[in-house]
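Visitor: 3D, please:
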Amino acid sequence: MSFWDIIHPENFQHIKDRGLSKLITEVTPSRLELQILKNQGEEKWVNFAFSTIEYGEKSAIMATAFDITEKKEAEIIIRKNEIRFRALYEHAPLPYLSLNKKGIVTNINNAFTLELGYNIKEIENHRIDEFVSQNDKKNSSPFLKQF
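Guide: Take a look at the predicted model:
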């Protein structure tokens, strides 16, 4: 089995180009995350570390690989959960907003814009107290003083 037999088809040309670049210019980054194929066709993710060496009279590439399949699978789960959370947040029937430590609105959902009648650009990146009426500022003062 050759090195090229384990390279996932989607990565074949990319690896070939990087290897050539490494031999010629030494500008290529020395680490790469990519998919490989095990002997039974099972896909795995690895972190390859490359370096150029002299082997006899020729230049060669020495590489080590570490299995990062579990890390990549966890990243995929996190991305899916982020998408799901974002959809729940944005389409919730109740108004939601996120503030930073300075009281600046960093994110709002659709219900919030419908409730206040502003669009997202009119609210985000503004202080929350800009949207509180003068009468309510007195009652909400302890809350707003946190910012």
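Visitor: if I look at the spatially most central residue of the chain, how far off is Glu73?
Guide: The chain has Arg79 as the residue nearest its centroid, 7.5 Å off, counting by CA atoms, centre = their mean. Using CB to CB, to the nearest Å, we find Arg79 at a distance of 11 Å from Glu73. Bear in mind the C-beta positions are built from the backbone N, C-alpha and C, glycine included.
Visitor: now swap in Asp136 and tell me
Guide: Asp136 is 48 Å from Glu73, by CB to CB.
Visitor: Not counting residues beside it along the chain, what's closest to Asp5?
Guide: Leaving aside its sequence neighbours, Asp5 sits nearest to Leu37 (CB to CB, 6 or more residues apart in numbering; 7.6 Å).
Visitor: which residues are in contact with stretch 113-133?
Guide: The contact list for stretch 113-133 (CB atoms under 8 Å, 6 or more residues apart in numbering) reads 95, 97, 99, 102-108, 112, 137, 140, 144, 147.
Visitor: In strands only, show me those.
Guide: Residues of the contacts of stretch 113-133 located in strands (DSSP state E): 97, 99, 105-108.
Visitor: Looking at these, state which has the most neighbours.
Guide: Ile108 (22 neighbours; other CB atoms under 10 Å).
Visitor: Next, work out how far apart Met62 and Ala49 are.
Guide: With CB to CB as the criterion, Met62 and Ala49 are 9 Å apart.
Visitor: Any buried residues in the helix or strand harbouring Lys71, and which?
Guide: For Lys71, the host element (DSSP states H and E) is helix 69-90. For helix 69-90, a neighbour-count test (16 or more other CB atoms under 10 Å) marks 72, 89 as buried.
Visitor: Quick one: list the elements packing against it.
Guide: strand 43-55 (3 or more CB pairs under 8 Å, 6 or more residues apart in numbering; DSSP states H and E).
Visitor: Output the contacting helices and strands for the strand it packs on.
Guide: Packed next to strand 43-55, using 3+ CB pairs under 8 Å, 6+ apart, are helix 12-24, strand 31-37, strand 58-67, helix 69-90.
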